[in-house]
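Participant: Fold the following, please.
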Amino acid sequence: MNKKIAKILVGLPLEGPFDYRIPSRMNRYIQVGCRVWVQFGFRKVVGYIIGFSEQSKFRHLKPILSFIDRQPILDNDMLKLTKEFAEYYFCSWAEAIETSLPEAVRKGRVISHISKNIETAHTKSKFQGYLVHDFYLDKVRDILQGHIEGSLKKKKSIIFLVPESGYLKGRLDWMQKTFSARIAAWDRKKGVKIQTDEWERIKNGAVDIVLGTRSAIFAPLANLGLIIMEEEDNPAYKQEQGPFYHAREVAIMRSRQKGLQLILTSPTPSLEAIQLTKTAGFKLIRPEFKNLLPRTQLIDLSLYPRRRDRPSAFSLPLMEALQQTISNNGRAIIFINRKGFSTFLRCKKCGFSLKCPRCNVSLTFHYDKNKLICRYCQYRTEPLDLCPQCESDYIRYSGAGTEKIESEIHRLFPQKKILRLDSEKNIKPDNFDILIATQIILKESASLSADLVAVLQVDNSLNRLDFRAAEKTFAILARLLKLAKQRLIIQTHNREHYAIKSAVTADFDSFYKEELKFRRGLGFPPFRHFVLIGLRGKSEERVKASAITLAKDLEKYKSRVVEIFEPQPDIPAKLRGNYRWCVLLKAKKIEDIHRLIQKTRREFKKKSGIIISINVDA
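Facilitator: Below you'll find the predicted structure:
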């Protein structure tokens, strides 16, 4: 074929592709999957070639300016994956491609060497999906070792995903001791040069196993045979910026396209993973675990009103259990999933409440820093003694966080070693009598235990405006159960809630049955897809008006299979100076929502200064 016109994508939220004329000097070398420099408007940008044609409907075409690559950096498999990714996550194909590439490659860095034909002949295999539910994590490593060794024997490469950077060192040490394989540790938090060098090694076939965080799912491995996703329920696998992809969904896409083995693991699997075992052919592997559960106690807080003779966050039974544990030289963990000393302040005379001017949420008082800090944008201000509204001294700091609990415990047990573990004070909790901790402690669950684990304010987690609140609460409590050697105590006003009752006995089947029944009845994920269209901007009126207009435009093309909810303020309604509204869509098939949005896009005219984002499976 005489290549005259190249079909090129540019890294912008525009559909494309765009036609560019191929200069005769380039005709011989240019290939699909290569990067080139092109003029787009008044800018010189990186373009990605996805095809060729002999003619164009446009008469005057701009020429390609120059090569970046002489060998493709995107093979057919990656082009196919990013195409499906773009369709599922409502982004342009070019945005999907750039999501899969390291920063320097996106910006046009010349790759010194790309090997030719490194992909070995691939016989189409049948996709195999597994969910390994190993509560005590004592069998999962043996299971994974067997699958990894099997893939390496077949000369197949492997992607091993972990949720966060903190997991990398431990997994890398295990792999280097266990397998005689070439391993690359992939983490986008590393410097640009290290990241790019590792990507080149992977691309050129010099790596057998890629161990990495979320973005490692796009690793350009040759002859890929196995993908492992550890702790698949961890929220870190969900991208928090557009495109809002989830690594589990991309792993499923890639595995099904290539007929790979996909193994998901977790001590507390997500409902999405459980549903895959019921409807998508995933095999559930649940090793039996010995009944080593501690004694559990649910304390009904309504029976123990606050008293001045004991710390406000502790009931009488909890205080007695804590004192008994410490007097017997035992260790205790106190779990409270809130940082800081006080979580809000209010004037008792006029009702004034100090909030973040950028996010309009209550500020948290941090005693260590002597500052009021916003938990979203980190805005800081000085503590108040007088009310700025009525100038009275009736300011009261209320609510408890880890710092306040630490202060109270120091007063009760002044001779004991007391540590605090949260994102403000991330220490190694290896030597303590009493440890006060937030959810960050769950990362240490494999190597940490205590005689007594006490859970405070669990109802805050359970009562959040989040349809996954029960699932998240159950997972937290079940993991805390593993930390308790002798006793777990939970203070709650909801002792009959199925998430709490199931967690304290590690009764996963009971919880999943109840929660799936609840989700099915309301048409929530994993039975339906949620797509959240978010609008944000500096003007509250313009954002609200745009959300209302968008909802009306969607209604014009509404079909019976897509449900459109009324526009609502997002949570939080203001974030980092931007007002936020959203329109929620729900359907059984994501394709139905896609068609609706595509029709509406042609008609909807957003107001200037409004930014729109689309979050799939929010």
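
Participant: Start from the N-terminal end of the stretch 101-250 of the chain and give the helices.
Facilitator: Here the stretch 101-250 of the chain has its helices, by DSSP state H, counting those that start in this stretch, at 103-106, 140-153, 168-178, 192-203, 247-258.

Participant: cool, and the stretch 401-550 of the chain?
Facilitator: Using DSSP H, counting those that start in this stretch, helices in the stretch 401-550 of the chain cover 402-412, 458-462, 469-483, 498-503, 508-522, 540-556.

Participant: what helix or strand is residue 263 on?
Facilitator: strand 261-266 (DSSP states H and E).

Participant: Could you figure out how far that strand is turned away from helix 469-483?
Facilitator: 80 degrees (axes from the mean of the first three to the mean of the last three Cα atoms, to 10 degrees).

Participant: of the helices of the stretch 101-250 of the chain, which approaches residue 226 most closely?
Facilitator: helix 140-153 (4.3 Å; Cβ to Cβ). Placement of C-beta: from N, CA and C, glycine included.

Participant: Check which residues of the closest one are buried.
Facilitator: 140, 143, 144, 147, 148, 151, 152 (16 or more other Cβ atoms under 10 Å).

Participant: Paired strands for the worst-scoring helix or strand of the chain on mean pLDDT, with orientation please.
Facilitator: Lowest on mean pLDDT, DSSP states H and E among the helices and strands of the chain sits strand 395-398, with a mean of 80. Using DSSP bridges, the strands paired with strand 395-398 are strand 344-347 (antiparallel).

Participant: Can you pull the poorly scored residue ranges out of the stretch 351-500 of the chain?
Facilitator: Applying pLDDT under 70 to the stretch 351-500 of the chain flags residues 444-446.

Participant: Please enumerate the strands of it.
Facilitator: Here the stretch 351-500 of the chain has its strands, by DSSP state E, counting those that start in this stretch, at 364-366, 371-373, 380-381, 395-398, 418-421, 434-437, 450-455, 484-492.

Participant: In its sheet, which strands sit next to the third one, and in what direction?
Facilitator: Taking DSSP bridges as the criterion, strand 380-381 forms sheet pairs with strand 371-373 (antiparallel).

Participant: Run the chain-centre distance for the strand it pairs with.
Facilitator: 27 Å (Cα atoms, centre = their mean, to the nearest Å).

Participant: List of residues touching it?
Facilitator: The contact list for strand 371-373 (Cβ atoms under 8 Å, 6 or more residues apart in numbering) reads 340, 345, 354, 363-366, 379-384.

Participant: got a list of what residue 318 touches?
Facilitator: Residue 318 neighbours (Cβ under 8 Å, 6+ apart): 299, 454, 489, 491.

Participant: per-residue confidence at residue 314?
Facilitator: Listed pLDDT for residue 314 reads 87.

Participant: how deep is the closest residue to residue 356 other than its chain neighbours tucked in, by neighbour count?
Facilitator: Once flanking residues are discounted, residue 356 sits nearest to residue 374: 3.8 Å by Cβ to Cβ, 6 or more residues apart in numbering. The number of residues packed near residue 374 is 21, by other Cβ atoms under 10 Å.

Participant: Can you pull the phi/psi pair for residue 374?
Facilitator: phi -80, psi 130 (degrees, to the nearest 10).

Participant: hang on, it packs against residue 361?
Facilitator: Yes: between residue 374 and residue 361 a contact is recorded at 6.6 Å, counting by Cβ atoms under 8 Å.

Participant: Surely residue 578 touches residue 536?
Facilitator: Yes: using Cβ under 8 Å, residue 578 makes contact with residue 536 at a distance of 4.2 Å.

Participant: Break the chain down into its structural domains.
Facilitator: Following the assignment in automatic domain parsing, the chain carries domains at 5-106, 128-285, 295-342+399-520, 344-396, 529-616.

Participant: Determine which of those domains approaches residue 113 most closely.
Facilitator: Nearest to residue 113, of these and by Cβ to Cβ, is domain 128-285 at 6.7 Å.

Participant: where does the chain have low pLDDT?
Facilitator: In the chain, residues with pLDDT under 70: 1-2, 116-124, 290-291, 306-311, 444-446.

Participant: please redo it, this time with the cut-off set to 50
Facilitator: By pLDDT under 50, the weakly predicted segments of the chain are 120-121.

Participant: What about the closest residue to residue 328 other than its chain neighbours, how many residues nearby?
Facilitator: Nearest residue to residue 328 in three dimensions, chain neighbours excluded: residue 451, at 7.8 Å (Cβ to Cβ, 6+ apart). By other Cβ under 10 Å, the residues close to residue 451 number 19.

Participant: what do you get for residue 419?
Facilitator: Quick note: residue 419 (other Cβ under 10 Å) scores 18 neighbours.

Participant: Check residue 433 too.
Facilitator: 18.

Participant: same check, this time on residue 539
Facilitator: Neighbour tally, residue 539, other Cβ under 10 Å: 15.

Participant: Enumerate every residue touching the nearest residue to it once chain neighbours are set aside.
Facilitator: Once flanking residues are discounted, residue 539 sits nearest to residue 609: 6.5 Å by Cβ to Cβ, 6+ apart. Contacts here follow Cβ under 8 Å, 6+ apart; on that basis residue 609 touches 537, 538, 539, 542.

Participant: and if we set it to 10 Å?
Facilitator: Residues in contact with residue 609, defined by Cβ atoms under 10 Å, 6 or more residues apart in numbering, are 536, 537, 538, 539, 542, 543, 546, 578.

Participant: in which helix or strand would I find it?
Facilitator: Using DSSP H and E, residue 609 falls outside every helix and strand.

Participant: how close does it get to residue 71?
Facilitator: 43 Å (Cβ to Cβ, to the nearest Å).

Participant: what do you get for residue 384?
Facilitator: Distance, residue 384 to residue 71, using Cβ to Cβ: 63 Å.

Participant: try residue 460
Facilitator: Counting by Cβ to Cβ - residue 460 and residue 71 are separated by 55 Å.

Participant: Then residue 353?
Facilitator: From residue 353 to residue 71 the distance is 61 Å (Cβ to Cβ).

Participant: When the two are compared, which one has more neighbours?
Facilitator: Under the criterion of other Cβ under 10 Å, the comparison of residue 353 against residue 71 puts residue 71 first, with 16 against 12.
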